[in-house]
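K.L.:
Predicted model, plus sequence, below.
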Amino acid sequence: MFHHHAPAGYICPICLGIQSIETEDTLLRQADLVYKDELVSVFINSFWVESAEGHVIVVPNEHYENIYELPQASGHRIFEVTQKVTKAMKQTYKCDGITIRQNNEPAADQHAFHYHQHIFPRYNDDQFNENCTKPGILSQPEDRVSYAAWLKAML
């Protein structure tokens, strides 16, 4: 019923991260892993939006391309973990708010074809929506380490 948009031979960078595989096909590093249980994992995202550095993605450990095929059990767990992460992010990042975003299909700006939900720290007058129209900033692994450590300590 729903179309898959991953090209033939697609190597899922999120699956590689979940499997602890670090290759040129993924920017996720094990140092970016903030949380993992039987259903979901949380990583500091490698692409940042200006003013929302250190944002995370919450992903199911099994490969589902989008929300249309995501099992309810995984969806429920993603919500539960998202709530835990937002509380930890609010406390450790000292942010003024949180934005949660999830894209499905290329028309909605889905680029990695594995369901993933973004959690962005927000700050008063941060120009977040304007910054989202700019290309993402590819962070370096060493830039993400402190964010991962802060959240791991809270979770």
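P.N.:
Arrived safely, thanks for sending. Residues are numbered from 1 along each chain as shown.

K.L.:
ok, the residue nearest to the spatial centre of the chain to Asn124 distance?
P.N.:
Nearest to the mean C-alpha position of the chain, by Cα atoms, centre = their mean, lies Ile57 at 1.3 Å. Per Cβ to Cβ, to the nearest Å, Ile57 is found 24 Å from Asn124. Just so you know, the C-beta spots here come from the backbone N, C-alpha and C atoms, and that holds for glycine as well.

K.L.:
For the protein, give me the ranges with low pLDDT.
P.N.:
1 (pLDDT under 70).

K.L.:
and if we set it to 90?
P.N.:
Within the chain, the segments meeting pLDDT under 90 span 1-4, 132-137.

K.L.:
all strands of it, in order?
P.N.:
For the chain, applying DSSP state E gives strands covering 33-36, 40-44, 47-48, 56-60, 97-101, 117-122, 137-138.

K.L.:
Dump those strands to a markdown table, plus distance to Ile14.
P.N.:
Output for the strands of the chain, formatted as a markdown table (distance: least, Cβ to Cβ, whole Å):
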| stretch | distance to Ile14 |
| --- | --- |
| strand 33-36 | 12 |
| strand 40-44 | 8 |
| strand 47-48 | 13 |
| strand 56-60 | 5 |
| strand 97-101 | 16 |
| strand 117-122 | 12 |
| strand 137-138 | 16 |
